[in-house]
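>>> I'd like to go over a predicted model; first the sequence, then the structure.
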Amino acid sequence: MLNILDERKFPADEVVALASRRSMGVEVSYGDRTLKVKALEHYDFSDVDICLMSAAARCRRNGRRKSAPRARL
């Protein structure tokens, strides 16, 4: 997903890679940058305008609970 966002030059001021606690600290590529994965369960979604998620069912349930109050279509 990050590769596609980069290829399409998606206009984003900030891109954050989130995952389960087990993947926290792993580095992933986004264009010419390297992002360090942050834990989904501790992430503050209060300033997020758009959230694109692709995760395992357990992780999705946890993330949806946390991001849903701020969700926008």
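Right, received. Where do you want to start? Numbers count the residues shown, from 1 in each chain.

>>> ok, L18 - contacts?
By C-beta atoms under 8 Å, 6 or more residues apart in numbering, the contact set of L18 is V37, K38, A39, L40, Y43, G63. To be clear about C-beta, it is placed using only N, CA and C from the backbone, and glycine gets the same treatment.

>>> Looking at those residues, which are in strands?
K38, A39 (DSSP state E).

>>> how many other residues sit next to the closest residue to L2 other than its chain neighbours?
In space, and not counting its chain neighbours, L2 is closest to Y30: 4.6 Å by C-beta to C-beta, 6 or more residues apart in numbering. For Y30, the count of nearby residues is 16 (other C-beta atoms under 10 Å).

>>> separation between Y30 and A17?
7 Å (C-beta to C-beta, to the nearest Å).

>>> which neighbours do the two share?
Counting by C-beta under 8 Å, 6+ apart, the residues touching both Y30 and A17 are L2.

>>> Relative to V16, how far out is the residue nearest to L2?
Using C-beta to C-beta, Y30 is found at 10 Å from V16.

>>> swap in L52?
Distance, L52 to V16, using C-beta to C-beta: 11 Å.

>>> the more surrounded of these two?
Neighbour count, other C-beta under 10 Å: between L52 and V16, V16 has more, with 14 against 10.

>>> That one contacts A39, doesn't it?
No - between V16 and A39 there is no contact under C-beta atoms under 8 Å: 11.1 Å.

>>> In the chain, what residue spans correspond to helices?
2-7, 57-67 (DSSP state H).

>>> and those, which one is worst for confidence?
Here the lowest mean pLDDT among the helices of the chain goes to helix 57-67, at a mean of 55.

>>> shouldn't A12 be in contact with L5?
Yes - A12 lies in contact with L5 (C-beta under 8 Å); the separation is 7.2 Å.
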